[in-house]
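1. predicted structure and sequence below. I'll ask about it afterward.
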Amino acid sequence: MSGLLRRLAVATAGVTVLAAAVWGAYGLTGLQEGGSSGEAVTLYDPRDARQVAGTADDVFTGTVVRRSGERDVYGVFSDLYAVRVGHVFKGELRGTVAVSYEQGHEPLAEGSSYVFATGRVPDGRSHAVLLETTLTPIAGLTAPAHAPAHTPSSDAAPASVPAMSAVAAPAGRTVAEYWTWAVRHEIDVSPR
């Protein structure tokens, strides 16, 4: 084979390998039609409270004081809320904190309480609800935390499950007991 044909064959093979790598990465990131910007960066199952707790810097109950604006955190557009911290399951937050919640979800209701699992935003002044988690209001720490016939493999958490939980809580557990359990049994899925 001549030198020119050999270089052409090597270049063609290189382009083929590069195209396959790009296509494979595209398929693994979840950015296909209908995907959200957060799907490409979540390593945890947002329906498994133990994995959510293991990924979060802070897990706490909080009451929304007000919506205070919008922000762009690395291309993820979010609503910014002032949240009064209640019970802390993980972390050391106190007082009122700024929390970002990805747009596209139902806006958080002023005066409503939720269980928040957040990561610290690099600006150091705020926290962001973990991507792909969906918050639902809770009645309080002593409200039942049960999930009827739900498994982590189903597509969506049932509406009766407080916060972003999805691993069915054992019968009789309260919201406080459930999230205490999830934090104590957290699963860290971060790459080492």
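-> Right, received. Where do you want to start?
2. quick one: the strands in this structure?
-> 58-73, 76-90, 96-102, 113-120, 126-129 (DSSP state E).
3. neighbours around residue 187, how many?
-> Per other CB atoms under 10 Å, the neighbour tally for residue 187 reads 15. C-beta here means a position set from N, CA and C on the backbone, and glycine is covered the same way.
4. low-scoring stretches of the chain, by residue?
-> 1, 3-42, 146-172, 192 (pLDDT under 70).
5. quote the end-to-end distance of stretch 124-141.
-> 28 Å (CA to CA, to the nearest Å).
6. so what's residue 174 up against?
-> 141-145 (CB atoms under 8 Å, 6 or more residues apart in numbering).
7. now, the most widely separated pair of these?
-> 141 and 144 (11.1 Å; CB to CB).
8. comparing the two, which shows the higher neighbour count?
-> residue 141 (19 against 15).
9. the residue nearest to the more buried one when sequence neighbours are not counted and residue 120, how far apart?
-> The shortest distance from residue 141 to any residue other than its chain neighbours is 3.9 Å, reached at residue 176 (CB to CB, 6 or more residues apart in numbering). Note on residue 176: its distance to residue 120, by CB to CB, to the nearest Å, is 24 Å.
10. please apply the same query to residue 78.
-> 14 Å.
11. okay, the two: which has more neighbours?
-> Using other CB under 10 Å as the criterion, residue 78 and residue 120 rank with residue 78 on top: 22 against 15.
12. for that one, list the residues it contacts.
-> Contacts of residue 78 (CB under 8 Å, 6+ apart): 70-72, 100-103, 128.
13. buried residues of stretch 92-103, list them for me.
-> 93, 97-102 (16 or more other CB atoms under 10 Å).
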